[in-house]
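K.L.:
Dropping the sequence and predicted coords here.
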Amino acid sequence: MSDKNHKSEKNDVLNNKKISFIGGGNMAQALISGLLGCGVKPESITVADPSEDIRQQLDAKGLNTVDPTADAKAAVKDADLVVLAVKPQVMKVVVSGFTDVLDKQLVMSVAAGLSTDILATMLGGYQNIVRAMPNTPAMIQMGATGLYATDSISEEQKQLATAAMEASGLVTWVENEEQMHAVTAVSGSAPAYVFYFLESMIDKAVAQGLDKQQASTLAMQTVMGAAKMAMDSEDAPSELRRKVTSPNGTTQAAVESLQANEVGHQIGEAMQACYERSQALSEEMK
């Protein structure tokens with residue numbers, strides 16, 4: 001399917017749908033930017049946020065805004081999709097202002113650590129819930145999002161959740177909610193791993209004689225190009241690595257150093273730490 005046809009399909013699903021965001025921070029604004037880019041009309045989007053500055057910014061873009069401290073129900077009552085985009089620690093207090101007007105709306109949470117069971121309890125037993133784990137590249141419509149749905153979600157609602165999140169990047173569904181911890185480790189938190197890798201490459205290139213601009217440009221383009229090459233290739237990353245590693249060459253020397261220092265193992269350890277912290281957050285929120 002071409003990008004044009006895929007965009008049209010998303011537009012069909014989102015057409016005439018009313019979408020409300022509870023919280024208007026960075027992630028909410030990233031998702032909103034994607035929705036607007038897919039052709040969703042600004043007047044179809046409502047944002048409830050207590051910050052007058054944020055409401056003014058979004059008003060200027062033609063969106064509807066609501067002060068939830070005055071009337072949280074106004075953002076939810078007539079919505080088709082309600083996106084919960086507030087911190088986990090304040091979720092219970094925030095949603096208590098509108099649980100009594102939940103009827104057929106699809107509720108999607110982007111809050112880390114809150115399981116669908118916890119969310120259902122906070123929502124007074126409401127079950128039409130999708131849990132999402134996006135990542136920060138959603139801000140430039142290059143995100144990667146994992147989704148999990150309760151059994152109460154209809155196929156139409158699942159398509160709505162998919163279309164809403166695909167507006168900001170790639171989407172994949174998991175069958176088991178426990179897999180959301182792995183999604184957090186491999187995509188949700190993973191942009192920070194890449195930034196850390198870039199930091200290290202840039203610092204060493206500067207130490208080796210390049211200026212900061214040269215080092216940054218070359219490192220960033222290389223990471224972006226390698227990722228794009230891997231996405232477009234039929235070969236697995238391991239095979240792509242083999243093909244660019246000439247015997248006794250510079251790449252082999254670098255790869256052997258990575259292997260000798262067990263960098264692959266350390267990446268796995270970092271992902272495991274992320275996974276376990278995600279599990280712990282879920283337990284803490286019970």
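P.N.:
Sure, I can see it.
K.L.:
Is there a neighbour count for residue 123? I'd like the number.
P.N.:
A count of neighbours around residue 123, defined by other C-beta atoms under 10 Å, yields 23. Bear in mind the C-beta positions are built from the backbone N, C-alpha and C, glycine included.
K.L.:
so what's it up against?
P.N.:
By C-beta atoms under 8 Å, 6 or more residues apart in numbering, the contact list for residue 123 reads 95, 99, 102, 107, 129.
K.L.:
Most widely separated two among these?
P.N.:
The most widely separated members of the contacts of residue 123, counting by C-beta to C-beta, are 99 and 129 (12.3 Å).
K.L.:
so where do the helices sit in the stretch 101-250 of the chain?
P.N.:
116-122, 155-166, 179-183, 190-207, 212-232, 237-244, 250-260 (DSSP state H, counting those that start in this stretch).
K.L.:
Mind putting those helices into TSV with mean pLDDT, distance to residue 172 and mean neighbour count?
P.N.:
Output for the helices of the stretch 101-250 of the chain, formatted as TSV (pLDDT from 0 to 100; distance: least, C-beta to C-beta, whole Å; neighbours: other C-beta atoms under 10 Å):
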stretch	mean pLDDT	distance to residue 172	mean neighbour count
helix 116-122	94	17	19
helix 155-166	95	10	19
helix 179-183	95	8	21
helix 190-207	97	14	14
helix 212-232	97	14	13
helix 237-244	97	18	11
helix 250-260	97	28	11
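K.L.:
Which among those helices is found nearest to residue 14?
P.N.:
Comparing those by C-beta to C-beta, helix 155-166 comes nearest, at 5.2 Å.
K.L.:
Which residue comes closest to residue 218 once chain neighbours are left out?
P.N.:
residue 205 (7.0 Å; C-beta to C-beta, 6 or more residues apart in numbering).
K.L.:
Distance of the one you found relative to residue 249?
P.N.:
Plainly put, residue 205 is 19 Å away from residue 249 if you go by C-beta to C-beta, to the nearest Å.
K.L.:
Please apply the same query to residue 194.
P.N.:
From residue 194 to residue 249 the distance is 25 Å (C-beta to C-beta).
K.L.:
Next: residue 237.
P.N.:
Counting by C-beta to C-beta, the gap from residue 237 to residue 249 is 19 Å.
K.L.:
do residue 229 as well
P.N.:
Taking C-beta to C-beta, one finds residue 229 at 19 Å from residue 249.
K.L.:
In terms of neighbours, single out the busier of residue 99 and residue 129.
P.N.:
residue 129 (24 against 15).
K.L.:
quick one: the more buried one from residue 150, how far?
P.N.:
5 Å.
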